[in-house]
Structures are given as C-alpha cells and as structure tokens.
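S.K.: No letters, just coordinates:
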C-alpha cells in the first residue's frame, strides 16, 4: 500500500460563494462570476509567462467537505452513482479541478472568472489550459447521456454534500 | 497560511514506462500505449457507472520527482518558463493530471490507453471526462503559440526533471 503524501496549499482562492447552497456546480454555470487567487509570496516566480493564457486549470482542496462517500446522488441526476463516475466533491482525497478564465496577474494576485469553488478554498496547483492536450472529441459520456440537455448553466448546488 | 493536507493514494497505475527517458510527454503522444490501474479494494464501489465513459481524467502523484522548481525549461521550449505556465512535473505538490482512454473495468482493475505516466505512479483520483464541462474553445495559449506546430505526438521526455 502506497504511502500518504503531504500536500501544501500554494495560495487561497477568494470567491463570492460563502456557502455550498446556490454555488454554481461547474465553471460553465459561473459565467461572469469573478474571483481572485492570493498566491503565497514564495511561489510568485512560478507565475512568469502565465499571462498570455486565457484559461488556467486550478487544482484545489474541497476544504468544507468532511470524509468521502463511494456512492452519491450527483447534482445532474436522481440516482446514486459511483463517486468516480461523478465530479461530486465528497470523494477520496477531495481534490477539485476547475478550468477558469484568467483575467489579470498583478504580483501575487490573480484575477479569474467562472469560479465555482467556495471562498477560502486552498489552492494546490495552477496549470495552463492547452486545447491540444486538454480537449477531447468523440467522447462517450455514460450516465450523463440521459441528462445532457439539463440547463447546467443555471444549475446551483444544494446542501447534499458536506 | 493554510494547513498541510494529507493525501492517500487510492491505487497504483501500471504502465510500460519504467524511467522518465523516452516517456511520452502527454497522452496525445501515447496513442496505443496501454496501461492498467490497480484500484485498492476499499474503493471499488466507487467505480459503479464509470464503464459508460470513453475517457477518464486521472489525478496522480509524480512520485519520481523530488522537490520543485519555480522556473523550468519545458519539453516544448528552449527558454525558462514559470512552472505554473507549464505542465512540467517538477512543480509544487507534484500532482499530475492526464485524461486517458477507458478500455475496460473488471473488479478493481481498469484497463486504460494513452498513458503518459511512469509505472508505479500513485493514483489520487478518477473523474469522468465530460466535454460540456471540460473542453474549452477560443483559448489563448501564451508562449505555446510559438511552438504550436511542434510534432508533440512524437515527442518523448528526456531526463531534465528528477
């Protein structure tokens, strides 16, 4: 069995979402919603050359979730699904991934848009979004096929995950 | 300053790549290269409903990298870039993200294709790839613009990162 790994936040994500209730369930449901990353000073050198990218992928810790569940009823459905077949936050290791718009970088402050995470979220990593590596086409989407016409852009979280 | 977070591998990724030298630098450079996830038994229930997806995003630990650098010369370039403007492995928290093809699930074994990580890589999470959430269009790609015609599909790693 592999060893535990210690992860250290590199900054904090500030957003308008104070509680889970009514938080957008994905960046595409957060159009126009602005946030701000406060990167810890020791990492600022790592931001060089990032300003030319329009989108960045954030890895972060779902810090308001305790424990995990192996089956959940996701926001997009009314049936229980295996946690790894969903993006629900109550998952082993509670690491979230969101691709957001990059608006501006000034010192250790990064202005972003389309934020779907809670205020105060510990940031673990920033990666540039590069369509050639990150987009996929000809994709089968399993149980989501049935729900692909749901108006996700308008969907908000309830309090099912804690 | 935020607290450290303890992350616990949920399984191991087996691949044909024993050393960094000549490993594909991204899944798109690993077409046809098969691998296998061995999920620890306690998480198998979480795989329900995953089999309908053609692509899954893996989060994992770059376990062969020690420490981090804030500036690196990435595989796609000859100049130093800020680590957060690259996907290079020698980064704070050393978490990798790769979207691979899902071939088959049988008990705790998941057969995958387009693997670009080293054999024995500790797996941290599996998420379903859902184009509506995960693809982006109209993207600016910063310093990568200059190198966008490089034949990434054929590019392999050297030993610059350890």
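M.R.: Looks like it arrived, so ask away. From a predicted model like this one, the values you see are computed outputs, not experimental measurements.
S.K.: Show me what the residue nearest the centre of chain A bridges to in the sheet.
M.R.: The C-alpha lying nearest the average C-alpha coordinate of chain A belongs to residue A:98 (Cα atoms, centre = their mean; 3.1 Å). With DSSP bridges as the criterion, residue A:98 is bridged to residue A:58.
S.K.: Please look at it and residue A:57 and confirm they touch.
M.R.: Yes: assessed by Cβ atoms under 8 Å, residue A:98 is found in contact with residue A:57 at 7.2 Å. Where you see a C-beta, it was placed from the backbone N, CA and C, and this is true even at glycine.
S.K.: Quick one: mean pLDDT over the host helix or strand of residue A:100.
M.R.: Assigned by DSSP states H and E, residue A:100 belongs to strand A:95-106. Throughout strand A:95-106, pLDDT has a mean value of 98.
S.K.: Past that strand, which element shows up next along the chain?
M.R.: Defined by DSSP H and E, the subsequent element after strand A:95-106 is strand A:109-113.
S.K.: That following strand and chain B in contact?
M.R.: No: judged by Cβ under 8 Å from any Cβ of the partner chain, strand A:109-113 stays clear of chain B, getting no closer than 9.3 Å.
S.K.: List the contacts of that strand.
M.R.: Outside strand A:109-113, the residues that touch it by Cβ atoms under 8 Å, 6 or more residues apart in numbering or on different chains are A:30, A:32-39, A:47, A:56, A:58, A:100-105, A:126.
S.K.: of the residues you listed, buried ones?
M.R.: Among the contacts of strand A:109-113, those classed as buried by 16 or more other Cβ atoms under 10 Å in any protein chain shown are A:30, A:33-37, A:39, A:47, A:56, A:58, A:100-102, A:105, A:126.
S.K.: Go through the residues you listed and name the one nearest chain B.
M.R.: Using Cβ to the nearest Cβ, residue A:126 is the member of the buried ones among the contacts of strand A:109-113 that lies nearest chain B, at 4.2 Å.
S.K.: Helix, strand, or coil at the closest residue in space to the closest one that isn't next to it in sequence?
M.R.: Nearest residue to residue A:126, sequence neighbours excluded (Cβ to Cβ, 6 or more residues apart in numbering or on different chains): residue B:84, at 4.2 Å. Recorded secondary structure, residue B:84: helix (DSSP: H, G, I helix; E, B strand; the rest coil).
S.K.: correct me, but residue B:84 touches residue A:51?
M.R.: No: using Cβ under 8 Å as the test, residue B:84 is too far from residue A:51 to be in contact (10.8 Å).
S.K.: who's more crowded, these two?
M.R.: Remark: of residue B:84 and residue A:51, residue B:84 carries more neighbours, 28 against 16, as counted by other Cβ atoms under 10 Å in any protein chain shown.
S.K.: and that one, how far is that from residue A:147?
M.R.: 34 Å (Cβ to Cβ, to the nearest Å).
S.K.: One more: residue A:114?
M.R.: Per Cβ to Cβ, residue A:114 is found 21 Å from residue A:147.
S.K.: Would you mind telling me which of these two has more residues around it?
M.R.: Applying other Cβ under 10 Å to residue A:114 and residue A:147 shows that residue A:114 carries more neighbours, namely 20 against 14.
S.K.: and residue A:143, what does it touch?
M.R.: Counted by Cβ under 8 Å, 6+ apart, residue A:143 has contacts A:77, A:79, A:81, A:85, B:49, B:52.
S.K.: any idea which of those is closest to residue A:156?
M.R.: Nearest to residue A:156 among the contacts of residue A:143, counting by Cβ to Cβ, is residue A:77 at 15.6 Å.
S.K.: burial of that closest one, as a residue count?
M.R.: The number of residues near residue A:77, taken as other Cβ under 10 Å, comes to 17.
S.K.: Excluding covalently adjacent residues, which one is nearest to residue A:67?
M.R.: In space, and not counting its chain neighbours, residue A:67 is closest to residue A:90: 7.2 Å by Cβ to Cβ, 6+ apart.
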